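# Just to be clear, the model below is a prediction. Sequence and coordinates:
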Amino acid sequence: MIDTHTHLYLEDFAPDYVAAVERAIAANVEKMIFPNVDCNTVEPMRRLRSQYPKEIYMAIGLHPTEVTGGDIDTQLQFVTEELNRRPEDYKAIGEIGIDLYWDKQYREEQLEVLRRQMKIASERDLPVILHCREGFDEVLEVIDGLEKVPQGVFHSFGGTIEDVERIRRRGDFYFGINGIVTFKNCSLREVLPTIGLDRILLETDSPYLAPVPHRGKRNESAFMLHTASYIASIMGVTIEEVDAITTASAQNLFDINITTQ
Ligand SMILES: [Zn+2]
């Protein structure tokens, strides 16, 4: 399995970051994608990746909750600098998006920062990892204004059947499903057949959103099995099928070759 969205480099895992990676590998998560948050998380992310170059891949971007009112070029400077310095190290632009749940103050800035990062993705032929919280219409608005729409994933997807269709009309997108789907009374399970197994990417969003039976605790990539087996039971397939199909999709989207390592 590939955990397509995990932040094992964050301080929640200090001091023993390596142990969390080892538990993931032992739990059949053979690859992990680390999306960046802001300029301060690049170094911790790179440090852990340097210890596991075959298992860990990275994405770089500025998270919408870290966008401020300052100059946008300055805020995005670390993204372009990193990409220029080490283009081979990054498999995607992310995580990027719109988050108006915590703060609506920088709505316009978030839109512009997203627009620019989508453009960077297109120019470099990289997929995007989209974070979208109380900002779905805004993300679609940005996509509609683009000359070229990059491929990507709507990470931590929790929308409706209608949302799936609205996304689909706009391009070649996948849907990141995490522990939320295992939560009691979560309506997302009814949306899974519309998404289809071939458009689902597994993720944990560690340290957040731990699946049942770990709900409320610190999440980690090793817990992804619970989400995978839940998806298997909802869709009436085996966990091996969930593994095979979602792994192939993640390899395809992020250009990861699992066999040659
Ligand atoms: Zn995240």
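Yep, that arrived.

# Report how many residues lie close to L130.
For L130, the neighbour count with other Cβ atoms under 10 Å is 31. Heads up, the C-betas are built off the backbone N, CA and C, glycines and all.

# again, but for E109
Quick note: E109 (other Cβ under 10 Å) scores 16 neighbours.

# Which parts of this structure are helices?
17-26, 42-51, 72-85, 107-124, 136-144, 161-168, 192-195, 224-235, 239-254 (DSSP state H).

# What helices and strands are in contact with whichever strand in the chain runs longest?
In terms of residue count, the longest strand belonging to the chain (DSSP state E) is strand 90-99. Here strand 90-99 touches strand 31-35, strand 56-60, helix 72-85, helix 107-124, strand 128-133, helix 136-144, going by 3 or more Cβ pairs under 8 Å, 6 or more residues apart in numbering; DSSP states H and E.

# The same query, at a cut-off of 7 Å, please.
strand 31-35, strand 56-60, helix 107-124, strand 128-133, helix 136-144 (3 or more Cβ pairs under 7 Å, 6 or more residues apart in numbering; DSSP states H and E).

# ok so, going back, quick one: closest of the helices of the chain to M32.
Closest of those to M32 is helix 17-26, at 6.4 Å (criterion: Cβ to Cβ).

# so what does the closest one touch, helix or strand wise?
Here helix 17-26 touches helix 42-51, going by 3+ Cβ pairs under 7 Å, 6+ apart.

# Would you mind saying which of the helices and strands packed on strand 90-99 lies nearest D73?
Between D73 and the helices and strands packed on strand 90-99, the shortest gap by Cβ to Cβ is with helix 107-124, which sits at 8.6 Å.

# The nearest residue to D103 once chain neighbours are set aside and V21, how far apart?
Spatial nearest neighbour of D103, chain neighbours left out: T65 (7.2 Å); criterion: Cβ to Cβ, 6 or more residues apart in numbering. For T65, the distance to V21 equals 25 Å [Cβ to Cβ, to the nearest Å].

# who's more crowded, these two?
The neighbour comparison of T65 against V21 (other Cβ under 10 Å) goes to V21, with 25 against 18.

# Tell me the strands beside the longest strand of the chain, with direction?
Here strand 90-99 has these sheet partners by DSSP bridges: strand 56-60 (parallel), strand 128-133 (parallel).

# For those, could you give me a markdown table that also reports mean pLDDT and distance to A14?
Output for those, formatted as a markdown table (pLDDT from 0 to 100; distance: least, Cβ to Cβ, whole Å):
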| stretch | mean pLDDT | distance to A14 |
| --- | --- | --- |
| strand 56-60 | 98 | 17 |
| strand 128-133 | 97 | 23 |
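
# Which of the ones you listed sits closest to C39?
With Cβ to Cβ as the criterion, C39 lies closest to strand 56-60 of these, at 9.9 Å.

# Return the closest one as PDB; C-alpha atoms alone will do.
Extracted in PDB, the C-alpha atoms of strand 56-60 (Å, rounded to 0.1, in the frame of the first residue of the first chain):
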ATOM      1  CA  ILE A  56       9.500   8.200   1.300                       C
ATOM      2  CA  TYR A  57       8.600  10.700  -1.500                       C
ATOM      3  CA  MET A  58       7.900  14.300  -1.100                       C
ATOM      4  CA  ALA A  59       5.600  17.100  -2.300                       C
ATOM      5  CA  ILE A  60       6.300  20.800  -1.900                       C
END
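
# Tell me what angle that strand forms with helix 239-254.
Angle between the axes of strand 56-60 and helix 239-254 is 50 degrees (criterion: axes from the mean of the first three to the mean of the last three Cα atoms, to 10 degrees).

# Thank you, goodbye.
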